[in-house]
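Colleague: for reference, the sequence and a predicted model appear below.
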Amino acid sequence: MIEILLVEDDEGDIELTLEAFKQSKVTLKMNVVRDGIEAMSYLRQEGSFQKANTPDLVLLDLNLPRKDGREVLKEMEVDEHLKQIPVVVLTTSSADEDILKSYQIGANAYVTKPVGLEGLTKVVKLMEEFWFTIVKLPPHEVI
């Protein structure tokens, strides 16, 4: 089973993403946190996330409350255990500076969120094919 951590604060985007992944051909579990502080607690298995599984992939919005996605990327990049987890930035921003900065601080891919379920479903199918079929993800024992 593939574990995905979705870090997203917009309820509508969460619902669309969950709906798009329901059509997945891969058996997966989608876990959702709504800000950067929760994301880091989840990834470090702290507080209410002590029994959380290490995700195989993180889908990260940049614009989050309390701690934004850029800060999450920076923290993951300097943590020996977390920097091995692939991160796909999934955000509304298509600004060149956001794209460049995201890659500089550890993003493995940058995807601008499409509008609507149909567009998001297409993106999810492509991500699924790439990340869960073509790419070899690091085993959990290494993380």
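Modeller: Everything's here; your move.
Colleague: alpha carbons of the least confident helix or strand in the chain by mean pLDDT, as PDB, please.
Modeller: One helix or strand of the chain scores below all others by mean pLDDT, DSSP states H and E: helix 116-129, with a mean of 86. Presented in PDB, the C-alpha positions along helix 116-129 are these (Å, rounded to 0.1, in the frame of the first residue of the first chain):
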ATOM      1  CA  GLY A 116     -11.700  21.400 -11.400                       C
ATOM      2  CA  LEU A 117     -12.000  17.600 -10.800                       C
ATOM      3  CA  GLU A 118     -11.400  16.600 -14.500                       C
ATOM      4  CA  GLY A 119      -8.000  18.500 -14.700                       C
ATOM      5  CA  LEU A 120      -6.900  17.300 -11.300                       C
ATOM      6  CA  THR A 121      -7.800  13.700 -12.100                       C
ATOM      7  CA  LYS A 122      -5.600  13.900 -15.200                       C
ATOM      8  CA  VAL A 123      -2.700  15.200 -13.100                       C
ATOM      9  CA  VAL A 124      -3.300  12.500 -10.500                       C
ATOM     10  CA  LYS A 125      -3.200   9.800 -13.100                       C
ATOM     11  CA  LEU A 126       0.100  11.100 -14.500                       C
ATOM     12  CA  MET A 127       1.600  11.400 -10.900                       C
ATOM     13  CA  GLU A 128       0.400   7.900 -10.100                       C
ATOM     14  CA  GLU A 129       2.000   6.400 -13.200                       C
END
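Colleague: contacts for it next, please.
Modeller: 16-17, 19-21, 23-26, 88, 111, 113-114 (Cβ atoms under 8 Å, 6 or more residues apart in numbering). C-beta: built from backbone N, CA, C; applies to glycine.
Colleague: for the nearest residue to V26 once chain neighbours are set aside, what are its contacts?
Modeller: In this structure, V26 finds its nearest non-sequential neighbour in F132, 4.8 Å apart by Cβ to Cβ, 6 or more residues apart in numbering. By Cβ under 8 Å, 6+ apart, the residues touching F132 are I2, V26, L28, D56.
Colleague: farthest-apart pair in the residues you listed, please.
Modeller: Across the contacts of F132, the longest distance by Cβ to Cβ is 10.2 Å; it joins V26 and D56.
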